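>>> Coordinates only, no sequence provided:
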């Protein structure tokens, strides 16, 4: 077993990490960290559990530590659900101390020597781990993308070989993406908020890194363009998006691509049976009906029309956050970086 910890374990994404790791067959969850007000309490007493899954009793007696490098002694790997302002220095310090970091934070996603990975899309980018180690770092940092970027990149991947250019996307993003206290009830009920800070820039920039080419030393960005408009909607979980893509293929050809698509690896515990699933119904995908496909790790695609236009949807705190980071860690273990 590989000894792991979760940084920021009491927040929305931190709780999802704990839920997914509690009975993981490869990872032994030993350490949970949080802010000073939670440090010293048992996890049961420190956390206000708000997920739709039962509280994992196996984690209840773990004593929560303050988030610092000293509290992580003896761990092989940590999962970071830290806010970006805290993650920037702390994740670097942890990696320098010889511990692997799989991060959901945005701090290091665009760093030149840090891989921004979706296993089904760009697993070869893990080669940047060697670049980090060659620079003298004993550990390493691997990041997963923004939640909306993951859903879009996953949805585009099965048709990527057709050639992509001029991608346009309008998102309808769930409230949980802002955290438990991120959107006031009176602001979101009966409403759509047509702005999410820095979200559009993340989608436009991260996608080009993810779909770029690794030349052995750095990532050469993809050469197509992405234009995003992001919106918060009164849905609890599940980011939905309308995507327009310049692709030289008919809707029926693209449907065949989705039907025939399979992940380029197998045997990872968090991997769903179908990473991307085509739904043929005229009114799907829908968050309430489809977000939990593949235990929340499947991205659903539907309404493929001339243009090319289609709808994509995925669970933002599982596939788009904690589950993505855990799948990254499993891929890292399978490639013997740990």
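Yep, that arrived. Just so you know, these numbers come straight off a predicted model, no measurement behind them.
>>> now residue 104: how far from residue 6?
Per Cβ to Cβ, to the nearest Å, residue 104 is found 10 Å from residue 6. Bear in mind the C-beta positions are built from the backbone N, C-alpha and C, glycine included.
>>> which neighbours do the two share?
Common contacts of residue 104 and residue 6 (Cβ atoms under 8 Å, 6 or more residues apart in numbering): 79, 81.
>>> What are the buried residues along stretch 58-74?
If you call a residue buried by 16 or more other Cβ atoms under 10 Å, then stretch 58-74 has these buried ones: 59, 62, 64, 65, 67, 71, 72.
>>> Could you tell me the end-to-end distance of it?
In terms of Cα to Cα, to the nearest Å, the two terminal residues of stretch 58-74 are separated by 20 Å.
>>> From here on, call the first residue 38.
All right, first residue 38 from here; so that's stretch 95-111.
>>> Can you tell me what sits against it?
With contact meaning Cβ under 8 Å, 6+ apart, stretch 95-111 is reached by 40, 42, 44-47, 55, 59-60, 66-73, 75-81, 83, 115, 119, 123, 127, 130-131, 134, 136.
>>> Centre of the chain to that stretch, how far?
Remark: stretch 95-111 is offset 23 Å from the chain centroid, using Cα atoms, centre = their mean, to the nearest Å.
>>> Please apply the same query to stretch 299-316.
15 Å.
>>> ditto for stretch 254-261
Taking mean C-alpha positions (Cα atoms, centre = their mean), stretch 254-261 and its chain are 20 Å apart.
>>> For that stretch, buried residues please.
By 16+ other Cβ under 10 Å, the buried positions in stretch 254-261 come out as 256, 259, 261.
>>> per-residue confidence for the last one?
Reported pLDDT at residue 261 in the predicted model: 95.
>>> my guess is it meets residue 202, correct?
Yes: if you go by Cβ atoms under 8 Å, residue 261 and residue 202 touch, sitting 4.4 Å apart.
>>> How many residues are close by residue 252?
By the criterion of other Cβ atoms under 10 Å, residue 252 has 9 neighbours.
>>> show me where pLDDT drops low in the stretch 238-375 of the chain?
Scanning the stretch 238-375 of the chain for pLDDT under 70 picks out no residues.
>>> For it, which segments count as strands?
Taking DSSP state E, counting those that start in this stretch, the strands of the stretch 238-375 of the chain run over residues 250-251, 256-257, 263-266, 276-283, 313-316, 336-342, 346-351.
>>> cool, the stretch 38-187 of the chain as well?
Using DSSP E, counting those that start in this stretch, strands in the stretch 38-187 of the chain cover 39-44, 64-71, 102-103, 114-117, 137-140, 177-180.
>>> Tell me which other helices or strands the fifth one touches.
Identification of packing neighbours for strand 137-140 by 3 or more Cβ pairs under 8 Å, 6 or more residues apart in numbering; DSSP states H and E yields strand 114-117, helix 121-133, strand 177-180, helix 360-371.
>>> mind putting the ones you listed in CSV, mean neighbour count and distance to residue 319 included?
Formatted as CSV, the helices and strands packed on strand 137-140 follow (neighbours: other Cβ atoms under 10 Å; distance: least, Cβ to Cβ, whole Å):
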stretch, mean neighbour count, distance to residue 319
strand 114-117, 27, 39
helix 121-133, 18, 40
strand 177-180, 27, 37
helix 360-371, 24, 29
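>>> surely residue 226 meets residue 272?
No: at 11.8 Å, residue 226 and residue 272 do not qualify as touching, with contact defined as Cβ under 8 Å.
>>> With neighbour numbers in mind, choose between the two.
residue 272 (21 against 9).
>>> Provide a list of residues in contact with the nearest residue to the more buried one once chain neighbours are set aside.
Leaving out its chain neighbours, the residue that sits closest to residue 272 by Cβ to Cβ, 6 or more residues apart in numbering is residue 211, at 4.5 Å. Residue 211 sits next to 270, 272, 273, 274, 275, 276, 324, 353 when contact means Cβ under 8 Å, 6+ apart.
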